[in-house]
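Enquirer: With the input below, show me the fold.
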Amino acid sequence: MNAASPQAPGAAADRIAVVIPSYRVTRHILEVIAGIGPEVARIYVVDDKCPDRSGDFVRANCGDPRVTVLEHAVNQGVGGAVMTGYRAAIADGAGVIVKIDGDGQMDGSLLPTFVAPILAGEADYTKGNRFFDLERIGSMPPMRLFGNAMLSLMTKLSSGYWDLFDPTNGYTAIHADAARYLPFDKISKRYFFESDMLFRLNTLGAVVVDVPMDAVYGDEVSNLKVSKVVTEFLAKNVRNFFKRLFYNYYLRNMSLASLELPLGVLLTAFGTVYGVSHWISSARSAVETPAGTVMVAALPVIMGVQLILAFLAYDIASVPRRPLHKRTLFRRRGND
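Expert: So this is what the prediction gives:
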């Protein structure tokens, strides 16, 4: 491990650290490190049991004194590597932790843009959005474009961050005071990591902001497969959706929306089942369905849909707006 200097360009709260998960990125990682500006105090390269021994490669070829190489004895996936970097950065007193991939897709010069909303007290977590500039997304491979669009829709539902897009974007920054509250051992360690992070942050009430960035694709090979979007990602997003509902609307808080959703689902289901069953019965007997029966089926469906829409409107309006790290700072000062 290379010991990096703990000197920082600013106060501890402004000290910026960068975490770079390293797995088969030896062709790009030195260039990625070189592109990180002087505003960064520490750089953690996490060798995730890389078959190319990227940790040793960085030690042998990188002279940047800010770099610390961390190694996993067993491959844990990108999520596991990032959590290892988070722990090290928090222990070393970082104020903001930025995660950049080592494959050269992410422009290091954008780092101040990702950090600025956090340092200004406007956000706890920032993430890239490659869909902001509609004129530039044409460079994105069609299959990847489709996969990200589907994932964005699913993640809006499961995470509760309705104003975000591009959930698999790995260019992120987080305030250390928000990162401390994350359940490091429970966060998904592999492909679902970024989406699971958003779900966890919402249950904490953290403010998340999208940062526009361009899509850059070179000779790297994507490990994100469409089959995972349809199967693993769908199943895990559905799981997180129900967990978020339970945490936010029943365990930690109760509101009118806590009644609107279950009542809306029950009324819609009752009206649908009642109407379909009587329609089948009428079709088999060749007898016209009475108007009263139609109304008994239609009215619960109409009311149920209205209640579900009311819940969605409440959920969309409930996106966290007050940064978590400001609240925790106030509590800490109150205990001093």
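Enquirer: what about the strands in the stretch 1-150 of the chain?
Expert: Per DSSP state E, counting those that start in this stretch, the stretch 1-150 of the chain carries strands over the ranges 16-22, 40-47, 67-71, 96-99, 125-129.
Enquirer: What residues does L261 make contact with?
Expert: Contact analysis of L261 by Cβ atoms under 8 Å, 6 or more residues apart in numbering lists L245, Y249, L307, I308, F311. To be clear about C-beta, it is placed using only N, CA and C from the backbone, and glycine gets the same treatment.
Enquirer: Give the helix, strand or coil label for the last one.
Expert: Of the three states, F311 takes helix under DSSP: H, G, I helix; E, B strand; the rest coil.
Enquirer: Quick check: which ranges of the stretch 51-200 of the chain have low pLDDT?
Expert: For the stretch 51-200 of the chain, residues meeting the criterion pLDDT under 70 lie at 136-140.
Enquirer: Was I right to think R59 contacts T68?
Expert: No: the criterion here is Cβ atoms under 8 Å, and R59 misses it with T68 at 10.2 Å.
Enquirer: okay, those two: which has more neighbours?
Expert: The neighbour comparison of R59 against T68 (other Cβ atoms under 10 Å) goes to T68, with 20 against 15.
Enquirer: what's the spacing between the more buried one and Y249?
Expert: Going from T68 to Y249 by Cβ to Cβ, to the nearest Å gives 42 Å.
Enquirer: And for L30?
Expert: For L30 relative to Y249 (Cβ to Cβ), the value is 48 Å.
Enquirer: try R42
Expert: From R42 across to Y249, the span is 39 Å (Cβ to Cβ).
Enquirer: what about L30 and Y249, which has more around it?
Expert: A count of neighbours by other Cβ under 10 Å puts Y249 above the other of L30 and Y249, at 21 against 16.
Enquirer: so the more buried one sits right up against A257, yeah?
Expert: Yes: applying Cβ under 8 Å as the test, Y249 and A257 come out as touching, 6.2 Å apart.
Enquirer: how does this protein divide up, domain by domain?
Expert: 12-249, 254-335 (automatic domain parsing).
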